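Asker: predicted model, plus sequence, below.
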Amino acid sequence: MTSSYLVLTAPGGTDSNHEKTRFIRDGFTILGFLFPWIWLAFHRLWLHAIAAFLLQSLGGALADRADLWPVGVAITFGTSLLVALEGQNLRIRNLVAKGWDEADLVSADSLQTAEEIYFSNVRTDTGDSRPAPSPQWDPTAHAPRHGNATSLGLFGFDGGR
């Protein structure tokens, strides 16, 4: 399943080897659902972590009462669901507020694939002013061969059958 990854670059530009470049997947976080306030605190979203802790504590206290347990369960579940769905967005907004730049949006199946796609489009500075060597193209090596090659009974590229 394809996910979207937002690429963020560090404040003040990127470093030469792009170690500070961050890829954040936009989507549901299972750990954010299971441990909402711990997940928020781990990502240094302190105020959101405190709010999630207080809401889950309130939900737990209401769930202990016999007449208010549905409300308590709803508050606890709602807090977990909200963090799971919007936690990554909170991380992105926090980093952008600190000066990080949104460089790109990449659609890929995994983080490794997203990194390969992004870094394949990034120009790298080799340090010298000479252009990078390019392979020599031999047009005769890749020229179409004419003959009676068939394409499963369909018309071939050479126009014949």
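Answerer: Looks like it arrived, so ask away.

Asker: so which residue is smack in the middle of this structure?
Answerer: Centroid-nearest residue in the chain, with Cα atoms, centre = their mean: Tyr5, separated by 2.1 Å.

Asker: tell me the buried residues in the longest helix belonging to the chain?
Answerer: In the chain, with assignment by DSSP state H, the single longest helix is helix 69-97. By neighbour count with 16 or more other Cβ atoms under 10 Å, helix 69-97 contains the buried residues 72, 75-76, 79-80, 82-84, 87-88, 90-92, 94-95. In short, each C-beta sits where N, CA and C put it, glycine included.

Asker: try stretch 107-126
Answerer: For stretch 107-126, burial by neighbour count (16+ other Cβ under 10 Å) applies to Ala108, Ala114, Glu115, Tyr118.

Asker: quick one: distance of the one helix or strand the third one maps to to the chain centre.
Answerer: Going back to what we said before, that points to Glu115. Here Glu115, judged by DSSP states H and E, is contained in helix 111-120. Chain-centre distance of helix 111-120: 10 Å, with Cα atoms, centre = their mean, to the nearest Å.

Asker: give the helix, strand or coil label for Gly99.
Answerer: coil (DSSP: H, G, I helix; E, B strand; the rest coil).
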